[in-house]
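S.K.: compute the structure for the input listed below.
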Amino acid sequence: MKAIVIGTGYVGLVTGACLAEVGTQVVCVDVNAEKINNLKKGILPIYEPGLEEIVTRNFNNGRLSFSTNLAEVIPGADIAFIAVGTPPGEDGSADLQYVLQVAKEIGTNMTDYLVVVTKSTVPVGTAVKVNRAIKEAMLNRNALIDYDVASNPEFLKEGAAVQDFLKPDRIVVGVNTDRAKEMLERLYHPFLLNGHPIIFMDIASAEMTKYAANAMLATKISFINDIANLCELVGADVNKVRKGIGSDGRIGNSFIYPGIGYGGSCFPKDVKALVQTGKEYGHGLRILEAVEAVNDDQKKVLFGKINKHFDGMLKGKTFAVWGLSFKPATDDMREASSLVVIESLLNAGANVQVFDPVAMHEAKKTLGDTVKWCNDMYAAAEGADAVLLVTEWNEFRLPDWVRVKQLLKGAVVFDGRNIYDNAYLEKNGFTCYSIGIAQPALNVLSGS
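M.R.: Numbering: from 1, shown residues only. Sure thing, here's the model as predicted:
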């Protein structure tokens, strides 16, 4: 089979590389010539564990290629995935201009039967618009070529995207014809051999499934963060509460780890888009509106603790920030909690020293020279009044605390991801603040 993947961002590149890995002939297309040239040289636009090896291997063996010319590569294709960005508009709705532009270009250039699949995260009803754009483009050139539109949302976790694609929990496909179903069943047959289920449904349901899944996960995060804040006030330990409720099979342990809010390219954008879809249909999604509000507040909690500890006198103080990306194993800085914390510190007149194992380059695009960039976690801690754990990279999990204490001006740790043993740190002379664990010196919510 020959597949075309239009868009070489996070979703498109992972999709193209992993399909090539199981034997599909894949061409990844992008309008960005620099990005395509870099990919041909083995230079990837994103960091994702395992992806570089798969891209290099399949490019070298000829199963994966890259192009800026859709018209040139579309002949002979069986399936075309639309995997371009759908950034949020001012009202939170998904901007479909790039999706529809690609659909128009497909309709202008396709020569044989094609299954056009939306892989981008798009709101319910997008397939109808994609179909209309393709049809209009064909009518403009007096062409009548059979095609189908389908939906195949991605469920990839940044930092584990390759494994998620190759060993999926499920593959969701929305189709409205048997021909499209057979084509996509054939494409995904290698994944079904290991027992991974493919779930066929109508297109609208497939589009909704993606948003509902991310909204549910975001809800679990905001729920446990809200409970964590209450735990601090009543003197409970959220880590114990989490274990207590997570043992219930109806709840489970996934996504009930308290912290300083979710970020990234999916949850914030998708929650906003689903809320906006509800408004467009006259249905307010009150739970998701609260999920979003709780998350916005949660990103301010760490600064609230810092401000309280130092009695609001942060000007001239220096803080070490460990971790910048929105989560470990990625360089993605979109909606990262670190940006909120750092901005608050800088606005208060503090100095900030930062280190992240992977995301420094991406973070510099936003932070510029407003912070001090350090070569490792210990350099960031040198001369600081406190350490802030913001992203729970593995290398931050077991620091040399004796060395850290020697480097710091003040032995204070603000653990934004609850990965440290408070009792151990306090026994060794540190003051440690976590999320959802009562601290005698600090019972505070964001900004209080």
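
S.K.: ranges for the helices of the stretch 201-350 of the chain?
M.R.: For the stretch 201-350 of the chain, the helices defined by DSSP state H, counting those that start in this stretch occupy 203-234, 238-246, 267-280, 286-298, 301-309, 337-347.

S.K.: including mean neighbour count, distance to residue 398 and mean pLDDT, could those helices go into CSV?
M.R.: The way it works is simple: take the backbone N, C-alpha and C, and place the C-beta from them, glycine included. Below are these laid out as CSV (neighbours: other Cβ atoms under 10 Å; distance: least, Cβ to Cβ, whole Å; pLDDT from 0 to 100):
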stretch, mean neighbour count, distance to residue 398, mean pLDDT
helix 203-234, 20, 23, 96
helix 238-246, 16, 18, 96
helix 267-280, 20, 29, 92
helix 286-298, 18, 26, 97
helix 301-309, 23, 21, 97
helix 337-347, 21, 21, 98
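
S.K.: how about low-confidence regions in the chain?
M.R.: Judged by pLDDT under 70, the chain has its weakly predicted residues at 439-448.

S.K.: how's it carved up into domains?
M.R.: 2-201, 236-448 (automatic domain parsing).

S.K.: how many other residues sit next to residue 47?
M.R.: Using other Cβ atoms under 10 Å, the number of residues around residue 47 comes to 19.

S.K.: distance check, residue 356 against residue 331.
M.R.: 8 Å (Cβ to Cβ, to the nearest Å).

S.K.: between these two, who's got more neighbours?
M.R.: Each of residue 356 and residue 331 has its neighbours counted (other Cβ under 10 Å); residue 356 has more, 27 against 19.

S.K.: ok, residue 141 touching residue 108?
M.R.: Yes. Counting by Cβ atoms under 8 Å, residue 141 touches residue 108, with 6.6 Å between them.

S.K.: show me which of those two is the more surrounded one.
M.R.: Neighbour totals were compared for residue 141 and residue 108, and residue 108 leads with 18 against 10 (other Cβ under 10 Å).

S.K.: off-centre distance for the host helix or strand of that one?
M.R.: Residue 108 belongs to helix 97-109 when assigned by DSSP states H and E. With Cα atoms, centre = their mean, to the nearest Å as the basis, helix 97-109 stands 25 Å off its chain's centre.

S.K.: counting by contacts, list what it packs against.
M.R.: Packed against helix 97-109, as judged by 3 or more Cβ pairs under 8 Å, 6 or more residues apart in numbering; DSSP states H and E, are the following elements: helix 70-73, strand 79-82, strand 114-118, helix 126-140.

S.K.: circling back: what touches both of residue 356 and residue 331?
M.R.: Residues touching both residue 356 and residue 331 (Cβ atoms under 8 Å, 6 or more residues apart in numbering): residue 325.

S.K.: that's a strand at residue 149, yeah?
M.R.: Yes. The assignment for residue 149 by DSSP: H, G, I helix; E, B strand; the rest coil puts it in a strand.

S.K.: doesn't residue 173 lie inside a helix?
M.R.: No. Counting by three-state DSSP, residue 173 is not found in a helix; it is strand.

S.K.: hmm, back to that, need the domains of the chain in JSON lines with distance to residue 229, can you?
M.R.: Below are the domains of the chain laid out as JSON lines (distance: least, Cβ to Cβ, whole Å):
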{"stretch": "domain 2-201", "distance to residue 229": "25"}
{"stretch": "domain 236-448", "distance to residue 229": "5"}
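
S.K.: out of the helices and strands packed on helix 97-109, the one nearest residue 197 is which?
M.R.: Residue 197 lies closest to strand 114-118 among those, at 18.3 Å (Cβ to Cβ).

S.K.: pretty sure residue 125 contacts residue 204?
M.R.: Yes. Using Cβ under 8 Å, residue 125 makes contact with residue 204 at a distance of 7.2 Å.

S.K.: could you list the buried residues of stretch 46-60?
M.R.: Neighbour-count burial for stretch 46-60, counted by 16 or more other Cβ atoms under 10 Å, picks out 46-48, 51-52, 54-55, 58-59.

S.K.: many thanks, have a good one.
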